[in-house]
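1. just coords:
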């Protein structure tokens, strides 16, 4: 929507973004959403790395069952068998994040393989890949994961295997989007030009097409991490998670098995879910910022932001009237 | 017509894939699947009778012979609606057990999905229409609900609404103690709605954010189209521009993305049912898994897949009616 307010005399206030170095221009602009997301996310990731080194043994049992938070050095209370919830959460966060990131990487690679490659090659390969993608998309993921998970014997069900199974069921949605974007890119003039000038296929894919897909793939990567952490939590909650490791899901599973809810032991099952929720929220906020780079129209122009432009109150009113129609 | 044929063709392939996955998975595991299952059941201290062995063989499509014979036997059994005999509810047939649980889940997930779709799309329309308003700022909050595990939200709701203030029942699908029989009596439906409120609330709260965000973003994109400017220039009422010009076009991607969303909701509801001991498919899948009832597990997986496929087919056909461009291609 063209603005009727004269913005020419305001150039200096808006221009600084153009002055940023070429490297900085690639990075997203710092919005409050992005900063909050990055801070929460960084704190949780740091905690997952450092936490397990500083807390005690999460399996150590004591006679202090269902102790309230704060009793005798137990920051978040104890479980039914007197294990320290705080140490369990430190280890669980690490386990959940390992699953999240490995699934994120695997799902992104798979979606790029099926989405980008198929769309670029075209023809029967594209048709085949697209059909495969759509079939995987409509077959519900978690029931499939549950069935596969149950056939694998308990003792060989490690973190890595759970991650692979989750990745297999979570790439299809992203692949469909990547295919659509690639289809529109592959016929652009500059891609045709590089093809005519004799560049190799892999070079066209990696140098000409892939950079344009990075924002979309970044957003999908972040989303895949959330999906994986949630999926793993659900799987573990049903008792089908990785054996021998702590994740936030296994803590919730144990809490539910020990009837923590009816015992009123809220400190056992609220914190693990809260960590998942906070981390998911942080990733969503980061995702919003990425989305706003891909599609600048999504950016809010809220009242407070307009004030920063240095407009007079009359101009703000006029802009608002336009915006609201 | 070609559009519908293509759609039907796609779903035939998808159904075949779901059925075949069900057949292949047990065979990808090392060893004879029937032996693996029997040894697992033995280790869990369950009694293994010849009938048990037969039930497992039927569920997996006959334990012996080359794979194409097994596959043929498996398909023939499916065609007769024979999914084997359940071990959990022995000697009930798997199809009977699933038939009892399926209406509960379809009612719960169906109603919750429709409610959250309508509310989410409605709120998204207004958030996109008035960018930067209080409703728009609410979006990060609803997205946070999406990042919360379904079952954890369920636990919190149970803690608050059934334990702290005792407004809602703790578990179950209807009031079992009052001697109600499942049926279409007013009392039973009322009781089922009362017991289903918390599970439905969980699903609605967790899934509403996705609809809302998607609709908001599409509204924002649609509002900058030329035909919106034209509509405004013609002097149409804002409410008319909003609903018939903007929202109607913006809702299309939400509908075509239905497949992904429904998969999430079904996955979430499986775990949610577990928390509420709701007598649906999710609960059944869990009891099959924990009791090594492979026939039941395979049947449940198949039924869930087919239901999701059916729901998607309905949406796809509706989509063709709403958006003529997809048919024209």
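-> In hand now; what should we look at? Note that the structure is a prediction, hence the values are computed from the model and not measured. Residues are numbered from 1 along each chain as shown, chains lettered A, B, ... in the order given.

2. Residue of chain A nearest chain B, please.
-> Nearest residue of chain A to chain B: residue A:280, at 2.4 Å (Cβ to the nearest Cβ). From N, CA and C alone the C-beta is placed, and that goes for glycine too.

3. Correct me if wrong: that residue contacts residue A:230.
-> Yes. Under the criterion of Cβ atoms under 8 Å, residue A:280 makes contact with residue A:230 at 7.2 Å.

4. neighbour-wise, which of these two wins?
-> Ranked by neighbour count (other Cβ atoms under 10 Å in any protein chain shown), residue A:280 and residue A:230 place residue A:230 first, with 30 against 24.

5. So for the more buried one, what's the pLDDT?
-> With respect to pLDDT, residue A:230 scores 87.

6. Could you do residue A:303 as well?
-> We have a pLDDT of 51 for residue A:303.

7. OK, contacts around residue 129?
-> Just so you know, I chose chain A. When contacts are counted by Cβ atoms under 8 Å, 6 or more residues apart in numbering or on different chains, residue A:129 touches A:114, A:115, A:117, A:118, A:119, A:175, A:179.

8. Actually, chain B is the one I wanted.
-> B:219, B:223, B:242, B:246.

9. nearest to chain A, of those?
-> Lowest distance from chain A to the contacts of residue B:129 (Cβ to the nearest Cβ) belongs to residue B:223, with 8.1 Å.

10. Was I right to think that closest one contacts residue B:246?
-> Yes. Contact criterion Cβ under 8 Å: residue B:223 and residue B:246 qualify, at 5.7 Å.

11. follow-up on the earlier one: mind listing what's buried along the helix or strand that contains the residue of chain A closest to chain B?
-> Here residue A:280, judged by DSSP states H and E, is contained in helix A:266-294. Buried residues in helix A:266-294, counted by 16 or more other Cβ atoms under 10 Å in any protein chain shown: A:266-273, A:275-293.

12. Report all helices and strands that it contacts.
-> For helix A:266-294, the elements it packs on are helix A:32-54, helix A:85-112, helix A:210-237, helix A:248-257, helix A:260-263, helix B:139-146, helix B:150-158, judged by 3 or more Cβ pairs under 8 Å, 6 or more residues apart in numbering or on different chains; DSSP states H and E.

13. any low-confidence regions in the chain?
-> Reading this off chain A. A:1-30, A:60-61, A:63-68, A:70-75, A:82, A:154-155, A:295-313, A:315-325 (pLDDT under 70).

14. Oops, wrong one, chain B.
-> Filtered on pLDDT under 70, chain B yields the residue ranges B:29-33, B:36-37, B:40-41, B:43-47, B:55-65, B:90, B:173, B:175-184, B:259-260, B:326-329.

15. how's it carved up into domains?
-> With domains defined by automatic domain parsing, chain B comprises B:2-79, B:94-328.

16. Which of the helices and strands packed on helix A:266-294 sits closest to residue B:227?
-> helix B:139-146 (25.7 Å; Cβ to Cβ).

17. Based on its surroundings, how many neighbours for the residue of the stretch 1-150 of chain B found nearest chain A?
-> For the stretch 1-150 of chain B and chain A, the shortest gap (Cβ to the nearest Cβ) falls at residue B:147, measuring 2.4 Å. Neighbour count of residue B:147, defined by other Cβ under 10 Å: 21.

18. Need the nearest residue in space to it, chain neighbours excluded.
-> In space, and not counting its chain neighbours, residue B:147 is closest to residue A:280: 2.4 Å by Cβ to Cβ, 6 or more residues apart in numbering or on different chains.

19. Could I get the contacting residues of that neighbour?
-> Residues in contact with residue A:280 (Cβ under 8 Å, 6+ apart) are A:226, A:229, A:230, B:144, B:146, B:147, B:148.

20. got the contact list for residue A:204?
-> By Cβ under 8 Å, 6+ apart, the neighbours of residue A:204 are A:120, A:191, A:194, A:195.

21. rewinding a little: now the common contact residues for residue B:223 and residue B:246.
-> B:128, B:129.

22. Tell me where the stretch 151-300 of chain B has helices.
-> B:186-223, B:226-233, B:238-240, B:248-256, B:258-276, B:281-290, B:294-322 (DSSP state H, counting those that start in this stretch).

23. Which one of these lies nearest to chain A?
-> Among the helices of the stretch 151-300 of chain B, helix B:258-276 comes nearest to chain A, with 3.3 Å by Cβ to the nearest Cβ.

24. what does the stretch 151-300 of chain B have sitting close to chain A?
-> Within reach of chain A by Cβ under 8 Å from any Cβ of the partner chain, the stretch 151-300 of chain B has these residues: B:151-153, B:155-156, B:158-159, B:163, B:217, B:220-221, B:224, B:229, B:232, B:238, B:241, B:259-260, B:262-263, B:266-268, B:270-271, B:274-275, B:285-286, B:289-290, B:297-298, B:300.

25. Taking the contacts of residue A:204, please make a ChimeraX selection of just the buried ones.
-> Selection command for ChimeraX covering only the buried members of the contacts of residue A:204, criterion 16+ other Cβ under 10 Å:
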select /A:120,191,194
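
26. Grab the most central residue of chain A for me.
-> residue A:222 (2.5 Å; Cα atoms, centre = their mean).

27. farthest-separated two in the contacts of residue A:280?
-> For the contacts of residue A:280, with distances taken as Cβ to Cβ, the pair at the greatest spread is A:229 and B:144 (14.1 Å).

28. Mind checking which of those two has more residues around it?
-> Taking neighbours as other Cβ under 10 Å, residue A:229 and residue B:144 compare with residue A:229 leading, 29 against 17.

29. quick one, what contacts that one?
-> A:96, A:97, A:99, A:100, A:248, A:276, A:279, A:280.

30. Can you report how many residues lie near residue A:88?
-> When neighbours are counted by other Cβ under 10 Å, residue A:88 registers 26.

31. now residue B:24
-> 12.

32. And the helices in the stretch 51-200 of chain A?
-> Under DSSP H, counting those that start in this stretch, the stretch 51-200 of chain A gives helices at A:85-112, A:118-121, A:123-138, A:141-151, A:159-168, A:172-186, A:189-196.

33. Which residue lies nearest the spatial centre of chain B?
-> Most central in chain B (Cα atoms, centre = their mean) works out to residue B:266, at 2.8 Å.

34. Not counting sequence-adjacent ones, nearest residue to residue A:114?
-> In space, residue A:114 is closest to residue A:175, 4.4 Å off (Cβ to Cβ, 6+ apart).

35. Next, count neighbours for the one you found.
-> Neighbour count for residue A:175, taken as other Cβ under 10 Å: 29.

36. That one reaches residue A:109, doesn't it?
-> No. The criterion here is Cβ under 8 Å, and residue A:175 misses it with residue A:109 at 10.7 Å.

37. Can you name the residues that contact residue A:118?
-> Counting by Cβ under 8 Å, 6+ apart, residue A:118 touches A:125, A:126, A:128, A:129, A:130, A:133, A:179.
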